[in-house]
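A.B. asks: below is the sequence, then the predicted model.
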Amino acid sequence: GVQTCALPIFVQRRENMTIDIIKEAKEYIQENYANPELSVEMLCSSLHLSPSYFSTVFKKETGQNYVAYLTDVRLNKAVELLNHTDDKTYIIAAKVGYPEPNYFSYVFKKKFGVSPKQIQRKIIMNRKFYQKWNAFYSKVSLRYVIWGAFTLTALLGAVLMGTSFYNRFSLQLQGIVEKQNRALIEQVNNTLTSELRNIMRISDSLYFSVLKSEENVPVEEGFALLYDTNKSSIQNIALFSKEGDLLVSAPAAKLKPGVDVTKEAWFQNAVTQTENQHFSRPHVQNLFVNSKGNYAHVLTLSRMVQVPDAYEVQDGVLLIDLKYEQLESIFKNVSLGEEGYIYLVDGAGNLIYHPQQQLILDGIEQENHEKASAYKDGVHDEVFEGQHRKVTIKSVGYTGWKIVGVVSDKAAQLSTVKNIIFLIALVMSFMLI
């Protein structure tokens, strides 16, 4: 029973001791913050504690380490001196423990967002204003003061009310627009995902129902049938050996002389990552002989497959070329308002579709697509080439691609003149009422 009671008493004493340590430490800092040499070692020497033990206890109890707490004390005292004295900033810096004025200014601006000189200038301007106001106030009659105060109060009230209405309306409008944009991008994503799934189903049908069929379906017939069924969206279907030889294609075609498909990125991806299906970047498919020379712009799906025994090879690479115009049609007529647009980027930051893609590739226009590829799904604020923008990101399944919606931030771009005109009109309406 004695031991059971002793433990809570010991814990209570330790907590009381900790509270006393923190209290003494804060008092010591308040008394010595102006000393530029003040350190945790100096403080611990006064408290007869080890620095490591004190640092642990102080951080646990206050949520700040010693340096952060000391910095807050010094900077808050600096603000107090700026408000109530006419001292130069370098003098104030020295008074709060910063012998180096430039470092003081850096630390001050990092915490408050403005330099001490900027705050001091505002304080001086405010003092001058109040001095002038007091001088004016002492000369005018009480009646004039009452009338002026009433008018000013009414004007300020109208301005504040107008500002509140304006901000509330802007936020509501922005929320509605963002919701509509997300819904539109989700719709684009669903359409694109459906198209990609269709190509993957064709790939699975070729592999499992033709190449691995137990019914001995002729490969050439199976390829031709699937091509004819889907030729509105498919440009080519082909099967290559692992060495790069063309085994079968639909429509029937021949490789161009000197072409080495093993050096193509889509081929290498299939060979090195055998368990996945891979979508390439947009490219011109010029592997096959074409007497007209009008080679198509495509996206290639490739995968490693087992080849039927009749071809005397074990493994091969299946190629399905999706017509780029199919993907382009999904995005081409979609816009996010008058100035918004949507584009598609892969996981490495390469453009797959953009309404100004050729201009960007030629270096005439610019886009923030490399950074956008690293964004997580959701809405992001960014500044690109001086323009504030809302960027909405939606990841596309199976591919690592991302749909990117871009809308200029109207709220950020509204000019001061428009705001003033709006507020003045609102105030005048209140005054007339």
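C.D. replies: Great, that's in hand. For clarity, every value in this text was computed on a predicted model and none was experimentally measured.
A.B. asks: which residues does the longest strand seen in the chain contact?
C.D. replies: Ranked by residue count under DSSP state E, the longest strand found in the chain is strand 296-306. Residues from elsewhere that reach strand 296-306, judged by Cβ atoms under 8 Å, 6 or more residues apart in numbering: 199-200, 203, 207, 211-212, 235-236, 239, 266-267, 269-271, 274-285, 314-325, 327, 352. To be clear about C-beta, it is placed using only N, CA and C from the backbone, and glycine gets the same treatment.
A.B. asks: apply 6 Å and report the result again.
C.D. replies: By Cβ atoms under 6 Å, 6 or more residues apart in numbering, the surrounding residues in contact with strand 296-306 are 199, 203, 207, 211, 235, 266, 270, 274, 277-280, 282, 284-285, 316-322, 324.
A.B. asks: how about stretch 330-348?
C.D. replies: Under Cβ under 6 Å, 6+ apart, the answer for stretch 330-348 is 181, 188, 191-192, 351-355, 369, 373, 400-408.
A.B. asks: strands - which of these land there?
C.D. replies: 351-353, 402-408.
A.B. asks: nearest to Ser46, of the residues you listed?
C.D. replies: Lys402 (57.6 Å; Cβ to Cβ).
A.B. asks: who's in contact with that closest one?
C.D. replies: Contacts of Lys402 (Cβ under 6 Å, 6+ apart): 345, 393, 395.
A.B. asks: sorry, back to before: list the neighbouring strands of the longest strand of the chain plus their orientation.
C.D. replies: Counting by DSSP bridges, the strands paired with strand 296-306 are strand 278-279 (antiparallel), strand 283-285 (antiparallel), strand 315-323 (antiparallel).
A.B. asks: for those strands, which one sits closest to Asn216?
C.D. replies: When the strands paired with strand 296-306 are ranked by proximity to Asn216 (Cβ to Cβ), strand 315-323 comes first, at 18.0 Å.
A.B. asks: pull the distance from the following helix or strand past the closest one to the chain's centre.
C.D. replies: Per DSSP states H and E, the first helix or strand lying C-terminal to strand 315-323 is helix 324-332. Counting by Cα atoms, centre = their mean, to the nearest Å, helix 324-332 is centred 26 Å from the centre of its parent chain.
A.B. asks: kindly report the same for stretch 400-413.
C.D. replies: So, by Cα atoms, centre = their mean, the centroid of stretch 400-413 is 10 Å from its chain's centroid.
A.B. asks: cool, and stretch 266-285?
C.D. replies: 29 Å.
A.B. asks: now stretch 335-347
C.D. replies: The answer for stretch 335-347 is 15 Å, by Cα atoms, centre = their mean.
A.B. asks: only C-alpha atoms, please: export that stretch in PDB.
C.D. replies: Only the C-alpha atoms of stretch 335-347 are listed here, as PDB (Å, rounded to 0.1, in the frame of the first residue of the first chain):
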ATOM      1  CA  SER A 335     -13.000  24.300 -72.400                       C
ATOM      2  CA  LEU A 336     -13.200  25.700 -68.900                       C
ATOM      3  CA  GLY A 337     -14.900  29.000 -69.500                       C
ATOM      4  CA  GLU A 338     -13.700  31.600 -71.900                       C
ATOM      5  CA  GLU A 339     -10.000  31.500 -71.000                       C
ATOM      6  CA  GLY A 340      -9.700  28.000 -69.400                       C
ATOM      7  CA  TYR A 341      -8.400  24.900 -71.100                       C
ATOM      8  CA  ILE A 342      -7.500  21.200 -70.500                       C
ATOM      9  CA  TYR A 343      -4.400  19.300 -71.400                       C
ATOM     10  CA  LEU A 344      -2.900  15.800 -70.800                       C
ATOM     11  CA  VAL A 345       0.500  15.100 -69.500                       C
ATOM     12  CA  ASP A 346       2.400  11.900 -68.600                       C
ATOM     13  CA  GLY A 347       4.100  11.000 -65.400                       C
END
